[in-house]
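**Student:** Give me coordinates for this.
(one chain, ligands or ions: 1)
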Amino acid sequence: MTAPTHPRTSDELIRAEEPVLAHNYHPLPVVVARAEGAWVEDVEGRRYLDMLAGYSALNFGHRHPALVEAAHRQLDRLTLTSRAFHNDRLAGFAERLAALTGQDMVLPMNTGAEAVESGIKLARKWAYDVKGVPADRATIVVAADNFHGRTTTIVSFSTDETARSGFGPFTPGFRIVPYNDLAALEAAVDETTAAVLIEPIQGEAGVLIPDDGYLAGVREVTRRAGCLFVADEIQSGLGRTGRTLAVEHEGVVPDVVLLGKALGGGIVPVSAVVGRREVLGVLHPGEHGSTFGGNPLAAAVGTAVVELLETGAFQRRAAELGEVLRDGLAALVGRGVVGFRSRGLWAGVDVDPALGTGRAVSERLMREGILAKDTHGSTIRLAPPLTITADELTSALASLEKVLVSGA
Ligand SMILES: Cc1ncc(COP(=O)(O)O)c(C=O)c1O
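**Tutor:** Alright, predicted model coming up:
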């Protein structure tokens, strides 16, 4: 089938995808053609406020000028070397990312799932080389309702049947405990445990925020058990919650932090494992890698992202506007909202199931010019770019109210 040469409408483009694109997503029926800041525009020129921000990959908004400029500059100089050679952008990126996160070393990868896979491999290798776990016996303790990505190993320890069903056989070596349950965690770790791997806030599960003290407790349990604390901050990190990392809300420093999404500034896929030298130092040449990991374009954009975060301005903004978001949502409880959880500019909003599924509410919001997405059932996730203004946020909340209260 050949593509027509005339410009196609949104409806035509959506229909054209059906026979040629794998059906692994169910997008809202909007076809985005342009974007700037917190706004996107569809093929017909309709404008929408982006309240999802690429699941936090667009923390700095669409096409942030400093990030676009860094990408353009690098595109004109050097884009890829592979790690067969050094490139002149990688050292600076690693130095600054390590400093930003208070860690020693960086393992650059591309997607979030790759960072998680890399974190798992590192934890296992550390367990054998440093902790002394007998070969092939290492275990990793994870939380129920986690979301860490889509690879075979990662879905091996998912509790979401849709994500797993039909994809076995699975990778062994994982123990699943309830999230936010320190006693269960403590009971699950033993001398074979390489790491505890958790999200400091569970994003896909509906922005589930653990009780105060849970993350500090995980730090304590892992320290006592002599295993690693690996924090998946791929969605929660890099300013989203009002801090650089979500673990900072409890003053916790994990052994390993997984980063992705916003690290690429919404321009290129950039992920990284950052951690202590004792852990990342276990890797030797040939044991792990990626052709594109640490490429100069990714490093240039990643460095520009780190520069934005070094100012602290985005974290402050997320914290301040997070109060506007929280207050606005609190005012909707009992008026279409049955509950919500928020931290910084990130919220999981449980809408009254009587008003429709999260999907139906997201479609109604779309018609009001607001793009958001359901997670599970009747929960809608809000994660606008951290560059959103207070007025834009207030107008998004007004649209949510309109959709829920008047059933627009
Ligand atoms: C916490 C967390 N980890 C890992 C991933 C996987 O990232 P990617 O889709 O880039 O592979 C995601 C994606 O949503 C995530 O939210």
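
**Student:** Going by C-alpha atoms from here, please, whenever you check contacts or count neighbours.
**Tutor:** Noted.

**Student:** So which residues on this protein come close to the ligand?
**Tutor:** 111-113, 147-149, 199, 203, 232, 234-235, 261 (Cα under 6 Å from any ligand atom).

**Student:** Same list, those residues, but as JSON lines with pLDDT and neighbour count please.
**Tutor:** Formatted as JSON lines, the residues of the chain next to the ligand follow (pLDDT from 0 to 100; neighbours: other Cα atoms under 10 Å):
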{"residue": "Thr111", "pLDDT": "98", "neighbour count": "21"}
{"residue": "Gly112", "pLDDT": "98", "neighbour count": "25"}
{"residue": "Ala113", "pLDDT": "98", "neighbour count": "22"}
{"residue": "Phe147", "pLDDT": "98", "neighbour count": "23"}
{"residue": "His148", "pLDDT": "98", "neighbour count": "26"}
{"residue": "Gly149", "pLDDT": "98", "neighbour count": "19"}
{"residue": "Glu199", "pLDDT": "99", "neighbour count": "28"}
{"residue": "Gly203", "pLDDT": "97", "neighbour count": "25"}
{"residue": "Asp232", "pLDDT": "99", "neighbour count": "30"}
{"residue": "Ile234", "pLDDT": "98", "neighbour count": "29"}
{"residue": "Gln235", "pLDDT": "98", "neighbour count": "31"}
{"residue": "Lys261", "pLDDT": "98", "neighbour count": "28"}
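
**Student:** Sort out which of the residues you listed are in strands and list them.
**Tutor:** Those of the residues of the chain next to the ligand mapping onto strands are Asp232, per DSSP state E.

**Student:** List of residues touching the worst-scoring helix or strand of the chain on mean pLDDT?
**Tutor:** Every helix and strand of the chain was ranked by mean pLDDT, DSSP states H and E. The lowest is strand 373-374, at a mean of 93. With contact meaning Cα atoms under 8 Å, 6 or more residues apart in numbering, strand 373-374 is reached by 52, 358-359, 362, 380-382.

**Student:** Parallel or antiparallel, which strands does it pair with?
**Tutor:** Here strand 373-374 has these sheet partners by DSSP bridges: strand 379-382 (antiparallel).

**Student:** Residues contacting the partner strand, please?
**Tutor:** So strand 379-382 is contacted by 51-52, 206-207, 345-351, 358, 362, 372-375 (Cα under 8 Å, 6+ apart).

**Student:** Can you list the helices and strands that the helix or strand just after that strand packs against?
**Tutor:** Note on strand 379-382: by DSSP states H and E, the next helix or strand toward the C-terminus is helix 390-405. Using 3 or more Cα pairs under 8 Å, 6 or more residues apart in numbering; DSSP states H and E as the contact test, the elements touching helix 390-405 are helix 313-330, helix 358-367.

**Student:** Those into CSV, with extra columns for mean pLDDT?
**Tutor:** CSV is the format used below for these (pLDDT from 0 to 100):
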stretch, mean pLDDT
helix 313-330, 98
helix 358-367, 96
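
**Student:** Which among those is found nearest to Phe340?
**Tutor:** Taking Cα to Cα, helix 313-330 is the member of the helices and strands packed on helix 390-405 nearest to Phe340, at 7.2 Å.

**Student:** quick one, the closest one and helix 390-405 angle?
**Tutor:** Between helix 313-330 and helix 390-405, the angle formed by their directions is 30 degrees, by axes from the mean of the first three to the mean of the last three Cα atoms, to 10 degrees.

**Student:** Quick one: distance of helix 313-330 to the chain centre.
**Tutor:** What separates the centre of helix 313-330 from the centre of its chain is 19 Å, taken as Cα atoms, centre = their mean, to the nearest Å.

**Student:** repeat for stretch 62-70
**Tutor:** So, by Cα atoms, centre = their mean, the centroid of stretch 62-70 is 20 Å from its chain's centroid.
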